[in-house]
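Chemist: Please find the sequence and the predicted model below.
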Amino acid sequence: KRMIDDHVRRMTGGFKAMNRFVRGCIKEALYAVHASFEADFESLVLALDNVPEGEEEEAPVHAQTAPRLLGRGRSSSRHLCRSIEASVEAKARGELALCRSRSASCASRAASASPRTG
């Protein structure tokens, strides 16, 4: 910790500049995640709004069929929800890897921007 603190102190702007830099990297990563989420959200909403031909005039869902999801039984619905959850988790892991990659890029830029000391 002392070595890192000393290195940051020797940099132009010290801790204030490093904090601004790290915050900027985090903000950049957040915007990337937000944009990806928004795109996925819009795609899902559009897919749900797309009513297949012939389903427009179907009768409303009745109380006895309400527990069913997409015409499947309860166990299939749970399986579908788990599949969706797994897909979301995989997507989140991918976004986390992207954030880590960008963080590494931010760190390398910080290292190259820091003054070289003996």
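Modeler: All right, it came through fine.
Chemist: Going by C-alpha atoms from here, please, whenever you check contacts or count neighbours.
Modeler: OK.
Chemist: Next up, the contacts around residue 24.
Modeler: For residue 24, the contact set (CA atoms under 8 Å, 6 or more residues apart in numbering) is empty.
Chemist: per-residue confidence at it?
Modeler: What the model reports for residue 24 is a pLDDT of 95.
Chemist: Check the gap between it and residue 41 for me.
Modeler: 25 Å (CA to CA, to the nearest Å).
Chemist: before we move on, what about residue 25?
Modeler: Taking CA to CA, one finds residue 25 at 24 Å from residue 41.
Chemist: Just want to know which of the two has more residues nearby.
Modeler: Per other CA atoms under 10 Å, whichever of residue 25 and residue 41 has more neighbours is residue 25, with 19 against 12.
Chemist: number of nearby residues for residue 28?
Modeler: Using other CA under 10 Å: residue 28 sits among 15 other residues.
Chemist: On the three-state scheme, it is what?
Modeler: helix (DSSP: H, G, I helix; E, B strand; the rest coil).
Chemist: Quick one, grab the pLDDT at it.
Modeler: At residue 28, pLDDT is 95.
Chemist: With residue 85 instead?
Modeler: Residue 85 is assigned 71 on the pLDDT scale.
Chemist: Can you report how many residues lie near it?
Modeler: Neighbours of residue 85 (other CA under 10 Å): 12.
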